[in-house]
Structure formats: C-alpha cells, structure tokens
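**Q** Here's my sequence, what's the structure:
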Amino acid sequence: MNIKIIGLGGIGSILVDKITKFSTLGSNSHFDIVLIDGDKYEEKNKVRQDFIYFDNKAKSKTDELNSKYRPGTISKAVNEYISSENIQQYIKEDDMVFVCVDNHASRKLISDYASTLSNITIISGGNDWIDGNVQVFIRENGINVTPSLTAFHPEIENPPDKHPDDMSCEELSKSDPQLYFTNLSVATIMCWVLYALTENKFDKTHPEIYFDLEKMATNAPLRVV
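**A** Predicted coordinates for the structure are as follows:
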C-alpha cells in the first residue's frame, strides 16, 4: 500500500510515528510511506512535536524513523509543500493520503485533485483547541463512495486562508495555539481509520468523525455485539 503523509506538524509528526510502528512491527501489510512537508522544525515547535534535529521536517523524521526501525521504512522525504504544480507528481492512483495540513486552501487543492482520480483514499484531520474531526474521502472506479472534503464544509470549498506557497515568511511564522492532546486525538482517530480500512471494516456510511476533549466523546457509532 502506498501511503503519503502531507504535513508533519502537530498531527502529522505524531501520526507518522504510529503508522511506521504499526507497519514494521504490528501489521502484515507493507506500507510504502512518503513524507511531504516544506516546513522546518524549529524551537517553537517543541511543545507539540518531536524531531531528532532542526531541519526540514520530512527529512528529519525520515532519518529518525529509518534509523529507529529499518532503512527504507520511510521510502522518501519531500521537502516541498503540496501545490498545484507538484500534486500530480506526488499523489497517484490507489494512494492512501493522510492530510495533516493546517490550512483549508491545501485541503481544497487535495480534495479537488483527488476527485479527478479513479481510485484514491484521502484521510484528512484537523482541530481547534479542544475539538476536531477526521474526514475520509474514498473514490472507487471513478465514483465518490464517500463525500469529498469540500462537500459539507464551505470553509474548505471557499477557503479564507492561503496556501503556504502564497504566504510570506511572517505569515508562515504565525500559527494559532494548539493543544498537544488534541493533536494526539486527531492522529489516533486517523490510525483507527487506517486499521479499519486495512481490515475491510471501515463504515463508509460514517465518513466523518468528530470529537471533543472536554466532553470526552466522539460521534463514532457504537458497535452492537
């Protein structure tokens, strides 16, 4: 299975650790994992992110995980933001794409492009301070099996923010405060989705999962046994 993880910030840096551990130690599935992020790990990121050195996030995390597990665990590090110019190069048919970006402009770009492919799975996570959601967009044989990321989210369909390539250095340096536990929750739910998909147990009638830390609840349906 070809996995692309786009964005290695608060969510993505946690998620990739869990997926590579599952891939190398806890699963019979082989994942070919590519990391994509044009951002650098800096001192200010320490409160929510773990990297072995200050540099491009994709490169630093690739070196860390290939050393921790085995060479080739992460097959490629891409020091770029996903954009309209490179998206065809990095997102392919039959990929499973984890979208961990922090802007709606990138989510729309990825969702719109995925809608042109025949077979693809997009798993997108995002959060505010104490709540968040995970969307699952699946296309099979050119048909949307679940809604696109933009279908019920006008803020993604008409993003009020900018793509990272269109932002100044000053704009890129600014970010809304986030809680590590909320990032961890998003990454965990994305792992739930990965497991359910690999086991062919994902409920395609329930493609969006919300959660709230203060209420200690998600909207995931209860399993009847």
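**Q** could you point out which element follows the helix-or-strand element of the chain with minimal mean pLDDT?
**A** Lowest mean confidence among the helices and strands of the chain (mean pLDDT, DSSP states H and E): helix 169-173, at a mean of 59. Heading C-terminal from helix 169-173, the first helix or strand you meet, by DSSP states H and E, is helix 180-198.
**Q** Let me see the mean pLDDT of that next one.
**A** Across helix 180-198, pLDDT averages out at 96.
**Q** what's the answer for stretch 62-74, then?
**A** 91.
**Q** how far out from the middle of the chain is it?
**A** Taking the mean of its C-alpha atoms, stretch 62-74 sits 19 Å from the chain's own mean (CA atoms, centre = their mean, to the nearest Å).
**Q** List the buried residues for that stretch?
**A** 62-66, 73-74 (16 or more other CB atoms under 10 Å). Heads up, the C-betas are built off the backbone N, CA and C, glycines and all.
**Q** Partner strands of the lengthiest strand in the chain and their direction?
**A** With secondary structure taken from DSSP state E, the chain has its longest strand at strand 131-140. Strand 131-140 pairs in its sheet with strand 120-127 (antiparallel), strand 143-144 (antiparallel), strand 208-212 (antiparallel), by DSSP bridges.
**Q** For the longest one, list the C-alpha coordinates in PDB.
**A** What it means is strand 120-127. In PDB, the C-alpha atoms belonging to strand 120-127 read as follows (Å, rounded to 0.1, in the frame of the first residue of the first chain):
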ATOM      1  CA  ILE A 120      -7.900   7.000  -4.000                       C
ATOM      2  CA  THR A 121      -8.400   7.300  -0.300                       C
ATOM      3  CA  ILE A 122      -8.000  10.700   1.500                       C
ATOM      4  CA  ILE A 123      -7.900  10.800   5.300                       C
ATOM      5  CA  SER A 124      -7.900  14.400   6.500                       C
ATOM      6  CA  GLY A 125      -7.600  15.600  10.100                       C
ATOM      7  CA  GLY A 126      -7.800  18.900  11.700                       C
ATOM      8  CA  ASN A 127      -8.500  20.500  15.100                       C
END
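**Q** Not counting its own residues, what contacts it?
**A** For strand 120-127, contacts defined as CB atoms under 8 Å, 6 or more residues apart in numbering pick out 11, 15, 91, 93-100, 102, 107, 110-111, 114, 132-139, 149, 178, 182-183, 185-187, 189-190, 193-194, 197.
**Q** do the same with the last one
**A** With CB under 8 Å, 6+ apart as the contact definition, strand 208-212 has outside contacts at 130-136, 152, 185, 189, 192-193, 217-220.
**Q** chain center to it, what's the gap?
**A** Distance of strand 208-212 from the chain centroid (CA atoms, centre = their mean) equals 15 Å.
**Q** Return the members of the contacts of strand 208-212 classed as buried.
**A** Buried by 16+ other CB under 10 Å: 131-136, 185, 189, 193, 218, out of these.
**Q** Let me have those residues in TSV, extended by distance to I3.
**A** Listed next are the buried ones among the contacts of strand 208-212 as TSV, based on distance: CB to CB, whole Å:
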residue	distance to I3
D131	26
G132	21
N133	21
V134	16
Q135	17
V136	14
S185	20
I189	16
V193	12
T218	23
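**Q** Name the nearest of those residues relative to I52.
**A** Minimum distance to I52 across the buried ones among the contacts of strand 208-212 is 24.4 Å, recorded for S185 (CB to CB).
**Q** Having no further points to raise, I will conclude here.
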